[in-house]
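Novice: okay, predicted coordinates and the sequence, questions at the end:
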Amino acid sequence: MKRYLFFVNQPYSYSILRPLQEEIRRRGDQAAWFVAGCSTAPLRPDEKRLATVAEVMDYQADATFVPGDWVPYFFPGIKVEVFHGMARNKRGHSSEAESDHYKIRGWFDLYCTHADKDTAKFQQLAEQHGHFRVAKTGWPKLDPLLARGQAGERQRGPGEPPTVFYASTFSRSVTSAPQLADTIEHLANSGRWRFIVTLHPKMDSDVVARYRRMQGPGLRFVESDADLLDILPEADLMLCDTSSIMFEFMFLDRPVVTFRTKMPGPYLIDVDRIEDVEAALEQAAGRPENLLAEARRLCLELHSFQDGKSSARVLDAAEAFLAGEMGRPARKPLNLLRKWKVRRRLVRELKR
């Protein structure tokens, strides 16, 4: 039996790693969770938690899977980066992997990429640095969306209004949550629309409180630590700004409207004026074929796999690495200063 560890530092990690846990269990192996820097409340009764570093060391995982950009280097086993989102940044059309902003800090042994472009870039970096390997696997988080056959137009009941999933990022330079609060409240109370609303865990608390107060027959507020994968299919379309969740929603083959997005393109309907929001929602609710076709093309660019089996490929890659099938990487850089900073960060995160 192999032992695997999940290193969680942000609430979004749970929904990324749970499909992987399901595949680990299906193979008869064991998974455990180590949480530092965010709440452990989302952990379920049947999920094994390691509460201390000592417990992690005793557990002796074969591999640790990480959706973030750091991991305690001294944890046992190989460190596998699965990423917190698909390769898309918030400055425009370039993927994170295509930019020069991704820094190789020497924490990971294996990078599990999602599509051809990010794989090519990380393979280039692997050849440059020599101390890690790359496997194109897809993203575990998408497995439930792709495997359940929920894509396409949602069937609504007689007289049921369209349901809009509204999600907003927290950065003040791109968030739409403060500006759209009155509009969303008005539309939710009009009877013409229903809203499901979730906000980034780092969103200003006053803004979060404002949306919580708006709950009623036409608006449901979902806390940031909820597993959104089960909720996204309940919506007919999405209203967003520059949150990467809009790309996840596109895999349901449903339209997206944005307000002043930093990631524009033919795959969404973007508006600059608040008074144009409802008209854009009406247009999207009609499911324009040209819009959906562009979104489908984008999905293939961001994620090469549509079979819902990325978790299996991630585990296969980790097992291949452990078996030596990917060759022996060069030794990681010593990085004494970075290692000291990671230890200090871990202590700080465990106190939160």
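Specialist: Alright, I've got the coordinates.

Novice: make it CA atoms for all contacts and neighbour counts henceforth
Specialist: Fine.

Novice: surely residue 238 is within a strand?
Specialist: Yes. Membership of residue 238 in a strand is supported by DSSP: H, G, I helix; E, B strand; the rest coil.

Novice: I'd say it and residue 162 touch.
Specialist: No. The criterion here is CA atoms under 8 Å, and residue 238 misses it with residue 162 at 10.4 Å.

Novice: please say which of these two ends up with more neighbours.
Specialist: More crowded of residue 238 and residue 162, by other CA atoms under 10 Å: residue 238, with 28 against 22.

Novice: what's near enough to touch that one?
Specialist: 164, 165, 166, 167, 246, 249, 254, 255, 256, 257 (CA atoms under 8 Å, 6 or more residues apart in numbering).

Novice: who touches residue 2 in this structure?
Specialist: 29, 30, 61, 62.

Novice: just send these back as a markdown table, with secondary structure, distance to residue 198 and neighbour count too.
Specialist: Below are the contacts of residue 2 laid out as a markdown table (DSSP: H, G, I helix; E, B strand; the rest coil; distance: CA to CA, whole Å; neighbours: other CA atoms under 10 Å):
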| residue | secondary structure | distance to residue 198 | neighbour count |
| --- | --- | --- | --- |
| 29 | coil | 34 | 14 |
| 30 | strand | 32 | 16 |
| 61 | coil | 34 | 21 |
| 62 | coil | 36 | 18 |
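
Novice: nearest to residue 218, of the residues you listed?
Specialist: Of all these, residue 218 sits closest to residue 30, with 42.3 Å by CA to CA.

Novice: any stretches of the stretch 1-150 of the chain with poor pLDDT?
Specialist: The model of the stretch 1-150 of the chain has pLDDT under 70 over residues 87-101.

Novice: buried sites along stretch 257-270?
Specialist: Neighbour-count burial for stretch 257-270, counted by 16 or more other CA atoms under 10 Å, picks out 257, 258, 259, 260, 261, 262, 263, 264, 267, 268, 269, 270.

Novice: repeat that for stretch 169-184.
Specialist: 169, 170, 174, 175, 176, 177, 184.

Novice: quick one: the first one from residue 207, how far?
Specialist: Right, residue 169. From residue 169 over to residue 207 the distance is 12 Å, taken as CA to CA, to the nearest Å.

Novice: ditto for the fourth one
Specialist: Between residue 175 and residue 207 the distance is 11 Å, computed by CA to CA.

Novice: equivalent analysis for the second one, please.
Specialist: Using CA to CA, residue 170 is found at 10 Å from residue 207.

Novice: what does the last one give?
Specialist: According to CA to CA, residue 184 stands 13 Å off from residue 207.

Novice: quick check: closest non-adjacent residue to the residue nearest in space to the middle of the chain.
Specialist: Central residue of the chain (CA atoms, centre = their mean): residue 85, 4.1 Å from the mean position. What sits nearest to residue 85 in space, not counting adjacent residues and going by CA to CA, 6 or more residues apart in numbering, is residue 244, at 7.1 Å.

Novice: okay, that neighbour: pLDDT?
Specialist: pLDDT recorded at residue 244 is 86.

Novice: from what I can see it touches residue 167, true?
Specialist: No. In this structure, residue 244 is not within contact of residue 167 by CA under 8 Å, at 9.5 Å.

Novice: quick one: which of these two has more around it?
Specialist: For residue 244 versus residue 167, neighbours defined as other CA under 10 Å are more numerous around residue 167 (25 against 20).

Novice: you'd agree residue 21 is up against residue 31?
Specialist: Yes. Assessed by CA under 8 Å, residue 21 is found in contact with residue 31 at 6.3 Å.

Novice: any common contacting residues for these two?
Specialist: In terms of CA under 8 Å, 6+ apart, residue 21 and residue 31 are not both contacted by any residue.

Novice: which SS state does residue 164 fall under?
Specialist: The local conformation at residue 164, judged by three-state DSSP, is strand.

Novice: what's the answer for residue 305, then?
Specialist: Of the three states, residue 305 takes coil under three-state DSSP.

Novice: lovely, talk soon.
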